[in-house]
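Chemist: just to be clear, the model below is a prediction. Sequence and coordinates:
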Amino acid sequence: MALDEMAPATDNTGAQDMQRGVARATGVLALGNISSRILGLVREIVLSNLFGATAAVDAFNVAIVVPKGLYDLLIGGHVNGAIVPVLSEIVALKGRDELWRVVAVLLSLMTAAMTLLVLLIELAAPLVIRVVAGGLDADTQALAALLLRVTSPALIFMSLFAILSGALYALRVYTWPAFGTAVFNGAIVTVTLLLAPAPEFQVGWSPLGAQWTIARPANGIVVVAFGWLVGSIAYVALQLPGLRGAPRRVRAWLTLHWRHPAIRQIGLLYVPVMFSLVMDTLVIRPFSYNLASRTGAGSVAYMNWATTLIQFPQGLVATAISIAILPTLSRQAALIMAGDDPALNLRAFRDTLGLGLRLAITLILPATIGLLALAVPIVDLLFEHGAFTAADTQITAAALRWYLIGLPFAAVDLLLVYAFYARQDTLTPALVGLLSLTVYMIIAVALVGRFGLFSLMIADSAKHIVHALISGGLLARRMNGLSDQRLTLTMIKSGAAAAALGVCAWGLLAALEPILGAGGLIHEMALVLICGGVSGAVFLAVAVILEIEEWRWLGGLIRRRLKS
C-alpha cells in the first residue's frame, strides 16, 4: 500500500504530513536509542568484564537505583505525563514566547529543589542504602553508600535535562534529546576505561591444583560512579544548542515567577503520575532489589543485565514511536478540548495513535521472537568475557527470556499510556498501574520459592499484560473505538512472519552452534550474525508475501529518503 493509501479519507494531505513527521521523528529517536542502547551495552560489557558478577557491581547497581528512582519519581514522570502535553498545548494555543516563560520557571524550580534533595541524600546515604537493599552484607552496604554520595549530584543535571528535552519535544525538535542518553553512556564508558584500577592476580586451590584468577579492588567501582556523574553533566551540555532560539532570560533561567498557571496545570496532571511512581520507586523497586538480593550472590547484577537487553528493543521501538507521536497527539487533543473542529481532530488523533500502534506491533514482534531464540548466543557474545562465566550467561539468558513474554504488551501499552497523557488524563493510567503493580508483587512472592530470581521476571511480564489489556479497553471505550486502524490484521500478519523468523532462528542455531558456538569472539559473532541475518531475511520475505503494509510503507519512505 502506498503512503497516500494509508492516509484517512478525511484529509489525505494532512495525514501524509503527519505520517512523514512521525516517521522522521521516529527515525531520529530510533537512531538515538540505537546509539544509547549500544553504548549502554558497552557500559555493561565493560562493567561485567572489569568487575564480574560481584558484590561491588551489586553495590553500584543499588547506588544508582536511588538517584534514578528519585529522578523518575520527582521529574522524569513529569516529562511525558505532564510537561510535554502542557507545553505542546501552550505552543499550539499561545505560541513559543509563552513556552519559554514556562520553561524558565521550571528550570528555576528544579534547580532549587534538586540541590536541597542532593544535600539530604549526602547526609543520609547509609540509611538510604539499608532501606533499599537490606539483604546486602555490611561491607557491600558501606560501599554502596560511598557510591551513592558520588552519584547523587547527578540528580540536578538529570532534572535540567528533563525540562530542556521536554521543551524541545514540545517544539518537535528531537535530535538533541534523542542522543542525550548516548552521550551519558559514552561518558561512563570513557571515564571507566581511563580511570579503572589495574587488575590483581589471585591464586586459589582446588583438587586440580592452583587456579589463577584476575580481579580488581572492590573500591575500584568508584570510578564507574564518577563516570555516572560526568555523564549526567554531558547529558545537559548536549541540549544547549537547542536553546539558541530561546530568549536570553531562559538561557540564564533564573526567575522567581513560580506561580505561573502552567505550573499548577503540570502539578495537577502529575499528582496521579506521582502516586504510581511512588509505588514503583519507593515500594516496587526496593521490593525487587531486596527479593533479588535474597536469591543468591550476583542476582541483582543478573537482573540488571537482562533488563539492559530487554530495554534495547523497548527503547528502539516503543519509546521512539511513543515520543515521536506524543507532541502531535497532545496538540490534536488540545484542539479537540478547545472546540476546534472536534470531529476532524478526533479522527486525526485516532489516525496518529493507530499509526503508532501498527508500527510498534510490526517492529516489536520480530524483535521479541528473535531475542527469545538467540538469547544464549547474544548474552554469550556480549558478556561472557573476562570475569563473566558460562554459568552467568545461562542465568542472564533465562532471565531475559522470562522478560520477553511481556515485551510486546509493554511496547503497545506505552503508546496507550501516552495517548492518555496527550488527553491530559493521568489518573486513569495511574489507577491501572496500581492494579498491575499489585499483580506484580503477588506473583513475585507466590513464585519465588519455586522460580527464585526468575519469579521477578515472570511477575514483570504479567504486570505488562494486565496493564496493556485494561488500558486498551478503557481507551477504546472513551474514544468510541479506534475506527478502521486494522490493528487485529496487523497483529495476525506480523505474528505469522515473526513465527517464521523464530523457526528459522532456532533451526540455524541448532545446526551452527556445534560448529561456531565455542570458537571465541569471532565465532560467537558469526553465530549471532548468521542466525539473526538469515532469520531476519525470512521475516521480511514473509512480510512481503503477507503484504504487511507498514513494512512496505517504511521501505518506501527509506527508498525515497535515499533518493532525495
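Modeler: Received, thanks.

Chemist: residues in contact with the helix or strand harbouring Ala182?
Modeler: Taking DSSP states H and E as the criterion, Ala182 maps to helix 180-195. Contact partners of helix 180-195, identified using C-beta atoms under 8 Å, 6 or more residues apart in numbering, comprise 32-33, 35-36, 38-40, 42-43, 46-47, 50, 161, 165, 223-224, 226-228, 230-235, 238-239. C-beta: built from backbone N, CA, C; applies to glycine.

Chemist: buried set for that helix?
Modeler: 180-192 (16 or more other C-beta atoms under 10 Å).

Chemist: ok, now stretch 39-49?
Modeler: Here stretch 39-49 shows Leu39, Gly40, Leu41, Val42, Arg43, Glu44, Ile45, Val46, Leu47, Ser48 as buried, counting by 16+ other C-beta under 10 Å.

Chemist: need these in TSV with distance to Gly502, pLDDT and secondary structure, can you?
Modeler: What follows is the buried residues of stretch 39-49, written out as TSV (distance: C-beta to C-beta, whole Å; pLDDT from 0 to 100; DSSP: H, G, I helix; E, B strand; the rest coil):
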residue	distance to Gly502	pLDDT	secondary structure
Leu39	28	89	helix
Gly40	25	83	helix
Leu41	23	78	helix
Val42	28	88	helix
Arg43	29	89	helix
Glu44	26	82	helix
Ile45	26	83	helix
Val46	31	86	helix
Leu47	31	84	helix
Ser48	27	79	helix
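
Chemist: of those residues, closest to Val528?
Modeler: When these are compared for distance to Val528 (C-beta to C-beta), Leu41 wins out at 12.8 Å.

Chemist: ok, the closest one - contacts?
Modeler: Taking C-beta under 8 Å, 6+ apart, we find Leu41 in contact with Thr308, Leu309, Phe312, Leu382.

Chemist: how many other residues sit next to the closest residue in space to Asp280 that isn't next to it in sequence?
Modeler: If the residues on either side of it in the chain are set aside, Asp280 comes closest to Leu437, at 6.6 Å by C-beta to C-beta, 6 or more residues apart in numbering. By other C-beta atoms under 10 Å, 20 other residues sit near Leu437.

Chemist: also Gly231?
Modeler: So Gly231, with other C-beta under 10 Å, has 25 neighbours.

Chemist: so how far is the helix or strand hosting it from its chain's centroid?
Modeler: Assessed by DSSP H and E, Gly231 sits inside helix 222-237. Per C-alpha atoms, centre = their mean, to the nearest Å, the displacement of helix 222-237 from the mean C-alpha position of its chain is 19 Å.

Chemist: kindly report the same for stretch 58-69.
Modeler: Computed by C-alpha atoms, centre = their mean, the chain-centroid distance of stretch 58-69 equals 16 Å.

Chemist: cool, stretch 354-361 as well?
Modeler: In terms of C-alpha atoms, centre = their mean, the centre of stretch 354-361 is set 18 Å apart from its chain centre.

Chemist: which residues touch the most centrally placed residue in the chain?
Modeler: Against the mean C-alpha coordinate of the chain, by C-alpha atoms, centre = their mean, the closest residue is Gly315 at 4.7 Å. Taking C-beta under 8 Å, 6+ apart, we find Gly315 in contact with Asn33, Ser36, Arg37.

Chemist: now Ala399
Modeler: Contacts of Ala399 by C-beta under 8 Å, 6+ apart are Tyr302, Met303, Trp305, Ala306, Leu453, Phe454, Met457.

Chemist: ok, and the closest non-adjacent residue to it?
Modeler: Ala306 (3.8 Å).

Chemist: do I have it right that that neighbour meets Gln394?
Modeler: No: taking C-beta atoms under 8 Å as the definition, Ala306 is not a contact partner of Gln394, at 11.8 Å.

Chemist: how near is Ala297 to Pro126?
Modeler: 22 Å (C-beta to C-beta, to the nearest Å).

Chemist: swap in Ile470?
Modeler: Note on Ile470: its distance to Pro126, by C-beta to C-beta, is 40 Å.

Chemist: higher neighbour count, the two?
Modeler: Of the pair Ile470 and Pro126, Ile470 is the one with more neighbours under other C-beta under 10 Å, namely 19 against 15.

Chemist: returning to what we had before: who wins for neighbours among the contacts of Ala399?
Modeler: Most neighbours among the contacts of Ala399, by other C-beta under 10 Å: Trp305, with 29 neighbours.

Chemist: helices or strands up against the one helix or strand that one maps to?
Modeler: Here Trp305 sits within helix 299-313, counting by DSSP H and E. Identification of packing neighbours for helix 299-313 by 3 or more C-beta pairs under 8 Å, 6 or more residues apart in numbering; DSSP states H and E yields helix 12-51, helix 55-71, helix 285-293, helix 342-373, helix 375-383, helix 390-404, helix 407-422, helix 454-478.

Chemist: number of residues surrounding the residue nearest to Met110 when sequence neighbours are not counted?
Modeler: Distances taken as C-beta to C-beta, 6+ apart put Ser159 closest to Met110, at 4.3 Å, once the chain neighbours are dropped. Using other C-beta under 10 Å, Ser159 has 27 other residues around it.

Chemist: so Ser159 makes contact with Thr115?
Modeler: No: the pair Ser159 and Thr115 fails to qualify as a contact (C-beta under 8 Å) at a distance of 9.7 Å.

Chemist: list residues touching both of those two?
Modeler: Counting by C-beta under 8 Å, 6+ apart, Ser159 and Thr115 have no contacts in common.

Chemist: same question for stretch 161-173, mean pLDDT?
Modeler: Rounded to a whole number, the mean pLDDT of stretch 161-173 is 89.

Chemist: please shift the residue numbers so they start at 43 in all later answers.
Modeler: I'll keep to 43 as the first residue from here, and by that count the last item is stretch 203-215.

Chemist: now do that stretch: distance to the chain's middle.
Modeler: Using C-alpha atoms, centre = their mean, the offset of stretch 203-215 from its chain centre is 17 Å.

Chemist: what of stretch 538-553?
Modeler: 27 Å.

Chemist: tell me which residues of that stretch are tucked away?
Modeler: Buried residues in stretch 538-553 (16+ other C-beta under 10 Å): Ala538, Ala539, Ala540, Ala542, Leu543, Gly544, Cys546, Ala547, Trp548, Leu550, Leu551.

Chemist: ok, stretch 550-565 next?
Modeler: For stretch 550-565, the neighbour count (16+ other C-beta under 10 Å) marks Leu550, Leu551, Leu554, Leu558, His565 as buried.

Chemist: for stretch 329-339, same thing?
Modeler: Neighbour counts using 16+ other C-beta under 10 Å place Phe329, Ser330, Tyr331, Asn332, Leu333, Ala334, Ser335, Thr337 of stretch 329-339 among the buried residues.

Chemist: between these, which is nearest Leu129?
Modeler: Comparing these against Leu129 with C-beta to C-beta places Ser330 closest, at 32.7 Å.

Chemist: before we move on, the earlier item: from the buried residues of stretch 538-553, which is closest to Ala180?
Modeler: Distances from Ala180 to the buried residues of stretch 538-553, taken by C-beta to C-beta, are shortest for Leu551, at 44.1 Å.

Chemist: for the closest one, give its distance to Leu524.
Modeler: In terms of C-beta to C-beta, Leu551 sits 38 Å off from Leu524.

Chemist: before we move on, what about Ala224?
Modeler: Taken as C-beta to C-beta, the span from Ala224 to Leu524 is 34 Å.

Chemist: distance from the chain centre to the helix holding Ala224, please.
Modeler: Offset of helix 222-237 from its chain centre (C-alpha atoms, centre = their mean): 18 Å.
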